[in-house]
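**Student:** coords below, sequence missing:
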């Protein structure tokens, strides 16, 4: 083929010279002909790329050593290809994970970390399919997008439930995604269900109670993974029958960890680790990772932020500097990285700020809001029987220490787990002197990344959008005048450290001109409960009327929860006002409703006022619109409407987005 291309190219050049001698019109024709021929030959020298993806499942597959799993198709693909032992999705839920993939950038740097949200795409950037299309590829997505960033024109040739590589031009290389939704969280709890795996034989992780409901959910999850494997097998057979297998590089991966609680939505290994299997046909083996071999299991640390630069590298395009991932295959592949990273921001209607790191053995989790439990009441998660029975087990005092971690508050400011001895991540080593060096190394890695990517997730969500008005969150975050990231990271770290000696600095920072510094000072006092409020009572009373509504929410939250009766009497009406969507923006409303929800019985005095609050209002994007309604439904004891927030019920027409 290469020799033929050289011969035909030589013929095209000779024809061009001949036509150039004849006339201008002929010359134009010759240039067009030559360009088309060269482009065609170049396209023939580029591989097809097929991505087979599935939703909501971790590496629970035979090729990863799981003997309970039934996954013959991906097992066979791994046997002739290679799998990555340590692959992370970066975000533990679909919108956050897919936002990572589409840009090759960490969502905490672009403003797209929250589930679901919308931010402007960074200036001067593109979504990766645009690069592939410019290089001559036919790009299809079947069919989920769910990006938290505004999508520019021309991202896909087709993105729908009917999109396929079959519609490309003759000889045109393709990049195609087929996303299988059968393994989605909503399907593992759907009843009735025809069982494949015996619930009696399932392994129940240490963090879950061993009950019939939990076993049923886990077994049904494995059944759905088997269905996803069968779907992948069907797509691979289609490729083989079309005679394209020898020219197509194949990736298989899931979009984040399993849909079970404490997996999905939580940025530890169980929520972030995904299967990732790649196959490079012999013709394209020179583009494979350096360690590639049939049946190999790579120790290289890879994550979703690496996928876009890897694609560009495979097709011979150098990844732009603004991409934050590292290519692990192709012409521009890099050396293996020492760490991969995860994050969690707002998860549906509940706020949190968590960052995580792994080196393949140890997992470090940094909780910037340790006063909140891992198990904040996300309504959609409570649709799963395991969540409800697990909560009852905890409330009844029957949960083991390992099973109680999920529900307890406060959670530890720092967590450190050894995956070799503790794969379920239930024994926190952060306070162990023998692990102090590892803890310091992992902490430094997390903080260094936050500074490098200028993590705007350290801002309240609404504050981030306010500061980015007229620009984008990413570009705002890279302007030190608009976003002094080092100062804010230090403030967030000091506030969430839970150290008593941080109180003096927190009190002094209440007079800072930067809203975010004052916000973290108020958060630091709130996190320290009654003792914190007693130490900074005057500052919190003043902060209750701060110019920033996000500081107001936190200060009034603390006064209502930990203050005197007089403090509570003054703070509760303020929180009701802040939760009124007709008076404030959607972000202030969601923040205030979260604060009120945390008060429990201490919010009884405003119960009737809460029933009068509007569940609808103006929103910068429809993706934010349903969360206030969910929070109000939870406070008022009514059933939330999931579709209002862009999430489907268990049944959804194929091709529509799921969470």
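**Tutor:** In hand now; what should we look at? Quantities reported herein were computed from a predicted structural model and do not represent experimental measurements.
**Student:** Distance check, residue 146 against residue 115.
**Tutor:** 10 Å (C-beta to C-beta, to the nearest Å). (C-beta placed from N, C-alpha, C; glycine too.)
**Student:** cool, and residue 601?
**Tutor:** Relative to residue 115, and taking C-beta to C-beta, residue 601 is found at 29 Å.
**Student:** What residue spans form the domains of the chain?
**Tutor:** 2-43, 48-338, 544-659 (automatic domain parsing).
**Student:** Out of those domains, flag the one nearest residue 429.
**Tutor:** domain 48-338 (13.3 Å; C-beta to C-beta).
**Student:** Which one of residue 601 and residue 115 is surrounded by more residues?
**Tutor:** residue 115 (31 against 6; other C-beta atoms under 10 Å).
**Student:** shouldn't that one be in contact with residue 350?
**Tutor:** No - assessed by C-beta atoms under 8 Å, residue 115 is found out of contact with residue 350, at 9.5 Å.
**Student:** ok, longest helix in this protein?
**Tutor:** The longest helix of the chain (DSSP state H) is helix 212-241.
**Student:** which element follows that one toward the C-terminus?
**Tutor:** Toward the C-terminal end, the helix or strand that comes next after helix 212-241 (DSSP states H and E) is strand 248-254.
**Student:** Pairing partners for that following strand, with directions?
**Tutor:** strand 48-54 (parallel), strand 276-279 (antiparallel) (DSSP bridges).
**Student:** if we compare those, which one ends up closest to residue 487?
**Tutor:** strand 276-279 (37.4 Å).
**Student:** Could you check the angle the helix or strand that comes right after the closest one makes with strand 248-254?
**Tutor:** Reading on from strand 276-279 to the C-terminus, the next helix or strand found by DSSP H and E is strand 296-303. With axes from the mean of the first three to the mean of the last three C-alpha atoms, to 10 degrees applied, the angle from strand 296-303 to strand 248-254 works out at 70 degrees.
**Student:** one step back: possible to save the strands paired with strand 248-254 as a markdown table with mean neighbour count, distance to residue 360 and mean pLDDT?
**Tutor:** Shown next, in a markdown table, are the strands paired with strand 248-254 (neighbours: other C-beta atoms under 10 Å; distance: least, C-beta to C-beta, whole Å; pLDDT from 0 to 100):
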| stretch | mean neighbour count | distance to residue 360 | mean pLDDT |
| --- | --- | --- | --- |
| strand 48-54 | 23 | 23 | 98 |
| strand 276-279 | 24 | 14 | 99 |
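**Student:** among the domains of the chain, which is nearest residue 371?
**Tutor:** Among the domains of the chain, domain 544-659 sits nearest to residue 371 (C-beta to C-beta), with 8.4 Å.
**Student:** average pLDDT across the closest one?
**Tutor:** Mean pLDDT, domain 544-659: 88.
**Student:** okay if I get the strands paired with strand 248-254 as CSV plus distance to residue 532?
**Tutor:** Shown next, in CSV, are the strands paired with strand 248-254 (distance: least, C-beta to C-beta, whole Å):
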stretch, distance to residue 532
strand 48-54, 45
strand 276-279, 43
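**Student:** out of the ones you listed, nearest to residue 574?
**Tutor:** Using C-beta to C-beta, those put strand 48-54 closest to residue 574, at 46.0 Å.
**Student:** Can you tell me what sits against stretch 526-540?
**Tutor:** If you take C-beta atoms under 8 Å, 6 or more residues apart in numbering as the criterion, stretch 526-540 is touched by 369-371, 410, 495-496, 498, 503, 506-507, 510, 521-522, 524-525, 554-555, 557-559, 561-563.
**Student:** again, only using 7 Å
**Tutor:** 370-371, 495-496, 498, 503, 506-507, 510, 522, 525, 554-555, 557-559, 562-563 (C-beta atoms under 7 Å, 6 or more residues apart in numbering).
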